[in-house]
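Novice: Sequence and computational prediction follow.
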Amino acid sequence: MTKTLRNKGLSVMPGYDRQPPMINRIKVLLSGGGSSQSPDQEDDGLEKGRLAAAALLVEAARLDGHFDEDERKTIASLLKDRFGLDKAEVKTLIENAEKAADESNQLYAFTRVIKDRFEHEDRVRMIEMLWEVAYADGSVHEYESNLARRVTGLIHVSDRESGEARKRVIARANEPA
């Protein structure tokens, strides 16, 4: 019923000795997909950046235990504005981001893509987007705040810049409608 992994002494149920194909596709997508370069590399890099950004936003929305409609609308609006996407593209990106977040157990893959592919001002904007999602439901859960702080360090944005981004989000939220 089980087979032993070589040199590890671990038993694995048959069929569970490989990662699911979707995880492998996400890893390839986020890792750069190999060493060969194609003419579409720039578009591919943009797509990887979009997916990584969307996955972090989805992760932020889920941290308080529920991914409500206000958070979903905020993420859709941020992605539409940030990347110039239409409604269908945003919907697909969020669906893919949810799958990627479900299948990833760490932030590093997403933050590495953002750190490597986004200019500094775009990384600061990414932190601002995280704060916007955190405040979308009217309050910031400690886990959402912790995520923003961790991502800040991982994508090389200063605490001061993150604090300023948070203040901009609060100021916009307090503006009269």
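Specialist: Received it, and whenever you're ready, just let me know what you need. Note that the structure is predicted; figures quoted are calculated from it, not measured.
Novice: what ranges do the strands span in this structure?
Specialist: 3-4, 11-12 (DSSP state E).
Novice: Report pLDDT for the residue minimising distance to the centre of the chain.
Specialist: Most central in the chain under C-alpha atoms, centre = their mean is L56, positioned 2.2 Å from the mean C-alpha point. With respect to pLDDT, L56 scores 96.
Novice: now D40
Specialist: 55.
Novice: and G138, backbone torsions?
Specialist: G138 adopts backbone torsions of phi 100, psi -10, taken as degrees, to the nearest 10.
Novice: how about the helices in this structure?
Specialist: In the chain, the helices defined using DSSP state H lie at 21-31, 41-62, 69-83, 87-103, 108-117, 120-135, 142-154, 159-173.
Novice: Select from those helices the stretch with the lowest mean pLDDT.
Specialist: helix 21-31 (a mean of 55).
Novice: Tell me the buried residues in stretch 129-138?
Specialist: Going by neighbour count (16 or more other C-beta atoms under 10 Å), the buried part of stretch 129-138 is 129-137. C-beta: built from backbone N, CA, C; applies to glycine.
Novice: List the contacts of it.
Specialist: 53, 56-57, 60-61, 64, 68, 70-71, 73-75, 78, 82, 140-141, 144-145, 147-148, 151, 162, 165-166, 169-170, 173 (C-beta atoms under 8 Å, 6 or more residues apart in numbering).
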